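1. Here is a sequence together with a model predicted from it:
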Amino acid sequence: MGQCGLFLNGREVGRVDWHTENGRVLVQARCPFEERYIYRVCIRGESGDALKLGVMAPQNGSFVVCRSIPQYSAGPLRERGAAGLRAEIVRTLPGQELKGPFPFSLCALEQMPADCGEHWELLLRQCAQKACGLRYKKWGDTEYLVFPLQEGREMAFAPFFCLVTPIALEGEMCGVLCVNKEGEVCRFCPETGGAKTDSFF
């Protein structure tokens, strides 16, 4: 029997349970129902292996998805223990594109690893430590920092205000910063999905 948290925009909203039976892995993910939205669940392990559970369906006031998967194709659920596993919800409106503005899938965004950012400048590390709902992805030579923007609340990355790119993501406003391989903070360019390295804002 295994279990891990189910996250939406960096906040734990439900859980995923699974167990093995007759050579198959039986998986169930559950969280509160949200009207008008489509929820898709993806489970990712420490190795980067991902398992897409699919679209959640309304059931007794909750969103639920149940799957029976052959053990050989259960991906990260075959890893020992649940410590390195993380389940993410990709939330979209009907007809909304799933990929988003990044060169990777939205479900690839995860919590920032504890050992990350050692090559960043001190101020950026301090901002990242106090940021609520911060999500992270390293893609090639670029690191992506994605965090919620909420009206009336202080932005954790205020010292980098001029470099923050606001985008609508999964029905909410978020800010995006990029960090290049030298550890320099750059603007995110939605048109290319990468970092904007020139100095003109």
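-> On my side now, so go ahead.

2. ok, the residue lying closest to Pro113 once chain neighbours are set aside - contacts?
-> Residue nearest to Pro113 in three dimensions, not counting chain neighbours: Tyr136, with 7.4 Å by C-beta to C-beta, 6 or more residues apart in numbering. To be clear about C-beta, it is placed using only N, CA and C from the backbone, and glycine gets the same treatment. Tyr136 is in contact with 109-113, 116, 143-146, counting by C-beta atoms under 8 Å, 6 or more residues apart in numbering.

3. Report the buried members of those residues.
-> Buried by 16 or more other C-beta atoms under 10 Å: 109-110, 112, 116, 143-146, out of the contacts of Tyr136.

4. Okay, and which of those residues map to strands?
-> Within the buried ones among the contacts of Tyr136, residues falling in strands by DSSP state E are 143-146.

5. Flag the helix or strand of this structure with the lowest per-element mean pLDDT.
-> Lowest on mean pLDDT, DSSP states H and E among the helices and strands of the chain sits strand 194-196, with a mean of 75.

6. Out of the contacts of Tyr136, which comes closest to Pro159?
-> Ranked by distance to Pro159 (C-beta to C-beta), the contacts of Tyr136 are led by Leu145 at 13.3 Å.

7. Surely the closest one touches Ala128?
-> Yes. The pair Leu145 and Ala128 qualifies as a contact (C-beta atoms under 8 Å) at a distance of 6.8 Å.

8. any common contacting residues for the two?
-> Applying C-beta under 8 Å, 6+ apart, one finds that Leu145 and Ala128 are jointly contacted by 112, 134.

9. How about stretch 156-166, which residues are buried there?
-> Judged by neighbour count using 16+ other C-beta under 10 Å, the buried positions of stretch 156-166 are 156-157, 160, 163-165.

10. That stretch: end-to-end distance?
-> Between the opening and closing residues of stretch 156-166 lies a distance of 14 Å (C-alpha to C-alpha, to the nearest Å).
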